[in-house]
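Engineer: here is the input, now give the coordinates:
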Amino acid sequence: MGMTYLVVVLVAFAASGLTFFSGFGLGTLLLPAFALFFPAEHAVSLTAVVHFLNGLFKLALVARRADLGVVVRFGVPAIVASFAGATVLVWLSGAEPLLTYQVLGRQAQVTPVKLAVGLLLLVFGVAELLPQSRAVSFGPRYLPVGGALSGFFGGVSGHQDALRSAFLVRCGLTKEAFIGTGVVIACAVDAARLFEYGRNMDFAPIRERWLLVAAAIACAAAGAVLAARALPRISMRAIRRFVTVMLFTIAVLLMAGLV
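Structural biologist: Sure thing, here's the model as predicted:
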């Protein structure tokens with residue numbers, strides 16, 4: 001039990017601090033930590049609660065920095081499209097995986113959805129590396145399109161955070177506005193998505209392991225506070241580079257069926 005707490009709280013602290021800047025990745029990094037000690041369906045429930053409550057905590061830290069115009073133009077289409085994506089997820093749930101294999105005693109599955117979203121993230125990542133595309137930015141008229149795409153694919157795969165950051169990082173926002181706007185939209189989309197998923201969520205493992213969940217939430221909050229204090233010393237250029245690294249990381253993990 002001691003090792004369980006140590007691994008989960010350390011991952012929660014480190015992942016929350018790192019992903020504060022990218023706007024995505026906490027759930028992706030925390031899920032494997034829970035999955036080391038609990039069945040997959042329990043790990044998903046535990047991760048969802050920590051992820052959502054950590055989002056609310058970050059909301060209190062940086063919501064005032066958000067660009068409300070971007071929140072509305074991007075966030076509203078994202079929320080609407082996330083319901084459509086969740087509906088497609090139910091429809092695709094019976095689809096056969098393209099590849100199944102074992103990693104460290106656990107089953108990994110490469111599905112069409114994971115492969116498609118992973119390739120999409122790779123496209124965004126490669127675009128960030130190309131000198132001629134770095135100066136390209138998305139104006140207000142493109143925000144609803146970006147929000148709809150992010151929300152839809154996020155509803156399908158659960159990785160809307162990565163798609164959102166890949167789009168918002170090119171909207172000409174300051175580093176503070178980029179992080180604040182992303183957090184506000186993430187909380188709104190998470191609330192909508194969890195409302196849809198929560199009707200079938202198993203809350204028993206959360207009640208049974210409430211102390212572990214509370215410890216993970218506290219450490220994730222501590223990581224976010226530490227990152228927020230470091231924000232004045234971080235440049236937007238560094239944040240864009242970190243977003244690119246995270247895009248490639250999540251893309252590879254998705255296409256390999258590991259998340």
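Engineer: what segments of the chain are helices?
Structural biologist: 2-22, 26-35, 40-62, 68-70, 76-92, 112-129, 131-134, 143-157, 160-168, 175-198, 204-208, 210-230, 236-255 (DSSP state H).
Engineer: which strands and helices sit next to the last one?
Structural biologist: Looking back up the chat, that one is helix 236-255. Helix 236-255 is packed against helix 2-22, helix 112-129, helix 160-168, helix 175-198, with contacts defined by 3 or more CB pairs under 8 Å, 6 or more residues apart in numbering; DSSP states H and E. Backbone N, C-alpha and C define where each C-beta goes, glycine included.
Engineer: 10 Å - rerun?
Structural biologist: For helix 236-255, the packing partners by 3 or more CB pairs under 10 Å, 6 or more residues apart in numbering; DSSP states H and E come out as helix 2-22, helix 26-35, strand 106-110, helix 112-129, helix 160-168, helix 175-198.
Engineer: how about TSV for these, with distance to Glu208, mean neighbour count and mean pLDDT added?
Structural biologist: Listed next are those as TSV, based on distance: least, CB to CB, whole Å; neighbours: other CB atoms under 10 Å; pLDDT from 0 to 100:
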stretch	distance to Glu208	mean neighbour count	mean pLDDT
helix 2-22	13	19	89
helix 26-35	13	22	83
strand 106-110	21	14	81
helix 112-129	30	18	82
helix 160-168	28	27	83
helix 175-198	18	21	82
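Engineer: can you redo the ones you listed as CSV with distance to Ala224?
Structural biologist: Below are these laid out as CSV (distance: least, CB to CB, whole Å):
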stretch, distance to Ala224
helix 2-22, 5
helix 26-35, 9
strand 106-110, 29
helix 112-129, 23
helix 160-168, 14
helix 175-198, 10
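Engineer: for Thr100, find the nearest of the helices of the chain.
Structural biologist: For Thr100, the closest of the helices of the chain is helix 112-129, at 12.2 Å, according to CB to CB.
Engineer: quick one, which of the helices and strands packed on helix 236-255 gets closest to Leu68.
Structural biologist: helix 175-198 (8.3 Å).
Engineer: show me what contacts Gly151?
Structural biologist: 74-86, 160, 163-164, 185, 188-189, 192-193 (CB atoms under 10 Å, 6 or more residues apart in numbering).
Engineer: and if we set it to 8 Å?
Structural biologist: Counting by CB atoms under 8 Å, 6 or more residues apart in numbering, Gly151 touches Pro77, Ala78, Ile79, Val80, Ala81, Ser82, Ala84, Gly85, Gln160, Val189.
Engineer: nearest to Ala33, of those?
Structural biologist: When the contacts of Gly151 are compared for distance to Ala33 (CB to CB), Gln160 comes out closest, at 21.2 Å.
Engineer: what residues are up against the nearest residue to that closest one once chain neighbours are set aside?
Structural biologist: Excluding the flanking residues, the one nearest Gln160 by CB to CB, 6 or more residues apart in numbering is Gly154, at 1.9 Å. The contact partners of Gly154, taken as CB under 8 Å, 6+ apart, are Ala78, Ser82, Gly85, Gln160, Asp161, Leu163, Arg164, Val189, Arg193.
Engineer: go again with 7 Å.
Structural biologist: Residues near Gly154 by CB atoms under 7 Å, 6 or more residues apart in numbering: Ser82, Gly85, Gln160, Leu163, Val189.
Engineer: so can I have TSV of those showing distance to Leu211?
Structural biologist: Shown next, in TSV, are those (distance: CB to CB, whole Å):
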residue	distance to Leu211
Ser82	31
Gly85	34
Gln160	30
Leu163	34
Val189	29
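Engineer: one step back: state the distance from the residue nearest to Gln160 to Met236.
Structural biologist: 24 Å (CB to CB, to the nearest Å).
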